[in-house]
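S.K.: sequence-free structure coming up:
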């Protein structure tokens, strides 16, 4: 297919025009504080696998509203002292799957945690975490659940879960709280950017072809779901356009980027029909941290860099956390 | 496309092998009783429209859990005495839309009520009814919400709302409780079949290309959503197949058909890729009521008979309710 | 899909460069005069339906060449004096269907007439009107029938039928000839625009996502039929490009708009792949009448505003005709 | 794609159940006689090309209703005595194109005539022949034009044109009236089969993946146009199914095959989604002539044998006409 | 989509009718012997990665014709004595990628080798191995390279490479030659089946949704590439059908299965459009080894069991190799 | 679909920015010299056909590496003296097919030669020529075979074959070496452009919608294969972008155009998704010969002008070679 968005050099120069609400920081501060106040129980149980070089644990921790959130924790079998931490959030529709998947971080000496996304986990891998909150009229998928009120919007709960995962992990004795990284592809990239924008404990963020950035432009340029879930919602709820975009400003990766300080390694794919590359540059160019770089994959669609990017992340993070 | 399922004469002879749980009737009796016990407020407000020959009302009534459910009530402007009632349920993804839509029942002298489907109303028309209940891990769409437990399954709430709509309407002084009909296309057909299988007050049911029938066969034959939502769920949750089908037996139109007694006018489309025709015959052939007939549209896909079927319904119902 | 045409603010500023032939007005004056001279019989027969609040009539009237054209006339059952009139033309491929469809105008107190489109009525609803005129070599569909000669072109006959419908209706004693509105979606929008450009008796026109405007640009921007019928014709008849565009100038909504004086309520959909939004603005910006406005649906494809637009039309027309 | 229809050995054993009307022969006899009675002028003009080894002529002859029909006649430049004749009819949507196309028959020593199909010639090649007869309500394409009356049906005119082409050609002094062959692919195959069933002067017929055979089964098995034009017509005109199939019996290749006596070389493609292979075998197995054979292309879709089949035809015909 | 092939119970009962050539065993014996006679150099070099719990090596070994073949060898960092071996072959189009991918076997204590497929490695992951042999006329892809001669056919080289990988690995001191397993998905499943049918040193084989089985049926049932590469080849080379199937018999997984003795764990997906499930059962039911079982994924397409199957393999193999 | 690339007037003004390597001419001079030095046998055998007005010959000649290349030579049966020559190269995936195809050049008095493309001939027609050279890791299709080294790249061999065909033909006594034309569509257009850029004996070149021009832009604008083969290769081999484009500069039609002097008749299709029209203008605008013109087909996709262009070529060439 023809290139679906801007190409270089216009692409790299793109500046997003997303508005940041005056109470953006206050909104998130209050949200996280509320979740912490509710609290909840943590459970970490050794998983039954054939793995020997690493150890896997089935973790449940309290997220937004104290709701139980699942994840896999994987540690090197041979370990001593406190380990640097990598928290990975997942792409849209996926779940944490099995502990034997994605072993490269643990095999490289990190404490590695892969968090379920509440209510998802039925699309490209399996999850085990419920979203006990209902929804106003919405279309199939998560993108429009509660989209008419910033307090009801689905991603308010998810981003809170993601920060609460860090809360749970820094409380473990095997984690070095000075070396915390978050990462993820697509939706996972969007979540990691949100965490970096909310939580200053995070020292490195690696958003890979991030989703959830520069929504208005994304709706104009995306050729595939899930951004189109919002298009279809607005195609029916023709009278709620202003309302929707007002809410989305509180959840826009561009706004989180404007507040983040961690070292950042982005990736972007120039042929990406799912997360249009200009929306990624919208977030990248707005990113406030000084140590930032971006890997560009010119001839890739939303798969982006895949194992190339994993390798780039491993090398980049080793340079910062070793 | 080639005909996607059985053709005649095999089609009309198809018998479903769906199992009916021993406590099927008890489950639904208890479910409806629980909703009635919770109760809730009814609101009926004249709508602001340019309509003169009919009057429209914006209705809210308590459904499952006492949750507020919306609908449009439309009455002939010129009326006297008690009116026969037609309750229409909606196809998947749609909402009640506007009161000026679908005026043929009210213009033919019926009290006509069009019920919102909770949490939907963002696909092909707009709704205004929330579903305040959350979900276990599920895929986009409603079909897999709470699918692992019969008490949590989404359609338990919807079918209860549908019966509660009848409760609300028979309590109105303009409704003739001896002449109650329910109808709907696709999902609306499936809901109307459920209501006919639960509620003996219903004297006529008109399921049009009904959805939610004979799930296991439907998953093998459907070529389009929304049955495929369950296929995709099982494609990830490979270990939950038995659990899912056990739950679905409580929500299968074949089982409701086995218990229904109202006069019935079905329709079926032989080229239907969404609701495979054999699954419709599965319900029709199981239908227990003595006065039953079916309109077959050989060269139609899921659109079925459209205005032909509306006309057939108007004539058929007039013969029974005049 | 990405937005397929201009977006705001460029969209609203678009000016069409369609040429208007010197004899444009003379051509249409002569065409209508010729049809009136031929004349023909009118038949208005009560239709057999279950409807009570409105009355429906099966109408046949003489169109172009005196050919019999069908339509449904629907009147409020309770009526007195002369009624304002709404004439609706149909989208491409459709037919007048059944009298119980689209009751909102009659239910709002208007005399309502829905005209068949000759030779169509087999696509998305059923019609009953023949087109007894043959064709030069052409592709499937109506768009290229007789396209090499302005006197042979299919829409010459259709636009004439549409004016002759008004002739027939203003001759009825229940019609108020000072309150005549024409409307329609897509092809029906294009026809209503033509009628407004030809016939000064029309006082209000409501073209909804109109088709048949700014053909040359439409061929460059449309992603779906029926504009592409002309593309495919020219793909074979590579030597007839100039001829075709010369003919089409006589049938272009932009040119009718330049001559129309009625109050106008347009609609446009920014994601419309069938009738590219710039071509609608091409007609709207050229529209000569002073009382004009346009409803824009940013996140809709060719379905446009649907029931939202119906409601907007009912309110808008009530303000002008009450 | 998976094989779309029967495979061997079931395929070759398929017997069509098409009914033959009692007045089938009389209908066609009267139709041809009527066209001959009307008559009309023949024009044969040398074409201006760069060709030297063959000579091309632009021909116009009177078809059904005396309407002018076009074709290209191509003769070997070096010729003497009377030549065997090959008349080719065209696939759906195409036109006669240019005289320099398809030279293999003339280059092999035949008088070769390629007939335009009235009203078509805008799909995959260009034609120049009008169809001056209008139509009842119909869908895009030719398949449903006049389909409600055997006297109005489009193919009544086409098949008559095809016989009248033979009339015109046998009247030329360079044609050997004892060696007449007709051929064509797809629609051309269907036409050639009709001519063989009507006109006993034809001594050889070569229907290549023929269309217009065993309509009812074709509608169930075809995955692509143009059979689907009839499906779409019946999807709207739900009340005219019996009428349509009654008319089509007069135009079914199976019925022409039952009456044909010429030597026949069919071809069939087992993966054909346009002309399902069982419908071709339906005609082939019904073919009454004793000298018949069929080339089967197992792994081809509707393209069938292409140059392989051309070569097979040239060899097969040379064995019969040399 | 509807289920594309047989369903249970017919599916499990399917018996392939593939013929086994009389010289099948001799052909493969000679082929392997020839490659061993040519020999070639082995290179094993430590790879530069961030991995610590495992060690990765970049391996080159001589395959068919002595051509250099690449692979990644990954060993547990903590190891002692001889390790059981898992050799994985890759799906069509993929390459060995990076050493940090697919760590679960090494992390479970196995010596793990992932072999490049010559000439591929440009589709879904990157490879580094050339195929220095040219081809007769063929279509895009590997399936038809040299398909007219069993000595030239592409998979003769690939299957030989696969056996030669085992040769190379059993010669290493860290490998326990009594515990050798081969596995792979799709093409990798087909290759592993071939190796199990040729090489008795293999004690366990885990073909996951295997490709390259029961070609003739596969061509009739597959809806997606790469089996369709052969369909397209035969669509042009219409005269070479017998030749092609005669050659393919030497490369059919059904025939390898008939000769294999290793313990076997198959998987099959009932909705698989790429490797039709009946072709997998064709191989499974023919499998000669006594210790065989199959995991069936009813609602999966070609992705099959993914991490579920990985887990099933890890548990199954541990039961046999611990 | 919307127009996929630039439209006029921007289209005609497009200038390619392809770089020409300093050793471009030397590279090709050496390549051709090497092939000539290897030499090889020529075979010309009368073909067995039913053709009489022309004579066909099955030709084999030595191409790159002396490898045997096939072609059909067709001569007018009536001929005297030396004939002007037309050499046609084929579109991607096709083969020389049968001698009875494409007779218009021979029937117009030319010696006509249609050359097979090595290793292809299995896509849209059948070829008989092997490519005995293997490949580095590559994707399906020819575009990426050997793409990392200019000496290994597939088209080095093809372009050499094409020049060697001219060598073979000018050595025949029936060929007039002062009247040599080369032509072809798509890939054949690209090859003919290469020959015109390498071989000064060529006096006329007719590249029809040429492929293999302005690769970098083509990858950004093409919507269909085969340019996308390179996109997919680079999507995996993310680290080889610079290498690939450096090699492609030696094979770019823009660079051949810059060196060509023959009279040229190009064609271009403005809706072409396979060979984007700007890339054709990139070559056309760079074309160095003084006698150049271009036929533009505005409403055509990659089929371009077809028989219109054949006719244009026949007239254009007759003006230059008569």
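M.R.: Cool, got the structure. All values derive from a computational prediction rather than experimental measurement. Numbers count the residues shown, from 1 in each chain, chains lettered A, B, ... in the order given.
S.K.: my guess is residue A:309 meets residue A:295, correct?
M.R.: Yes - in this structure, residue A:309 is within contact of residue A:295 by CB atoms under 8 Å, at 6.1 Å. Where C-beta positions appear, they are placed from N, C-alpha and C, glycine not excepted.
S.K.: more neighbours, the two?
M.R.: Between residue A:309 and residue A:295, counted using other CB atoms under 10 Å in any protein chain shown, residue A:309 has the larger neighbour count: 25 against 20.
S.K.: who's in contact with the more buried one?
M.R.: Residues near residue A:309 by CB atoms under 8 Å, 6 or more residues apart in numbering or on different chains: A:208, A:267, A:295, A:297.
S.K.: just the buried members of these?
M.R.: Using 16 or more other CB atoms under 10 Å in any protein chain shown as the burial test, the contacts of residue A:309 include A:208, A:267, A:295, A:297 as buried.
S.K.: so which of these are also by chain D?
M.R.: Near chain D, judged by CB under 8 Å from any CB of the partner chain, there are no entries from the buried ones among the contacts of residue A:309.
S.K.: Which members of the residues you listed are the farthest-apart pair?
M.R.: Pairwise distances across those peak at 10.2 Å for A:208 and A:297 (criterion: CB to CB).
S.K.: what's the overlap in contacts for those two?
M.R.: Common contact partners of residue A:208 and residue A:297 (CB under 8 Å, 6+ apart): A:267, A:304-305, A:309.
S.K.: List just the nearest of the residues you listed to residue D:148.
M.R.: When those are compared against residue D:148 (criterion: CB to CB), the nearest one is residue A:304, at 57.4 Å.
S.K.: for chain A, what spans make up the helices?
M.R.: A:10-13, A:24-38, A:104-107, A:154-170, A:187-198, A:215-221, A:227-236, A:241-248, A:253-259, A:277-286, A:307-321 (DSSP state H).
S.K.: Buried deepest among those helices, which one?
M.R.: helix A:187-198 (a mean of 29; mean count of other CB atoms under 10 Å in any protein chain shown).
S.K.: average pLDDT for that one?
M.R.: Across helix A:187-198, pLDDT averages out at 98.
S.K.: where's that helix relative to the chain centroid, distance-wise?
M.R.: 4 Å (CA atoms, centre = their mean, to the nearest Å).
S.K.: Check stretch A:45-61 too.
M.R.: On CA atoms, centre = their mean, the centre of stretch A:45-61 falls 23 Å from that of its chain.
S.K.: first to last residue in it, what's the distance?
M.R.: 12 Å (CA to CA, to the nearest Å).
S.K.: before we move on, what about stretch A:4-18?
M.R.: Note: stretch A:4-18 ends 21 Å apart using CA to CA.
S.K.: List the buried residues for it?
M.R.: A:4-6, A:11-12, A:14, A:16, A:18.
S.K.: how about a markdown table for those residues, with pLDDT and distance to chain D added?
M.R.: Shown next, in a markdown table, are the buried residues of stretch A:4-18 (pLDDT from 0 to 100; distance: CB to the nearest CB, whole Å):
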| residue | pLDDT | distance to chain D |
| --- | --- | --- |
| A:4 | 93 | 28 |
| A:5 | 96 | 33 |
| A:6 | 97 | 37 |
| A:11 | 98 | 38 |
| A:12 | 98 | 43 |
| A:14 | 98 | 42 |
| A:16 | 98 | 44 |
| A:18 | 98 | 45 |
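S.K.: So which of those residues would count as near chain C as well?
M.R.: A:4-5.
S.K.: wait, which of the buried residues of stretch A:4-18 is closest to residue C:171?
M.R.: For these, the nearest to residue C:171 is residue A:4 (55.9 Å; CB to CB).
S.K.: Give me the spatial nearest neighbour of the closest one, chain neighbours excluded.
M.R.: residue A:273 (5.2 Å; CB to CB, 6 or more residues apart in numbering or on different chains).
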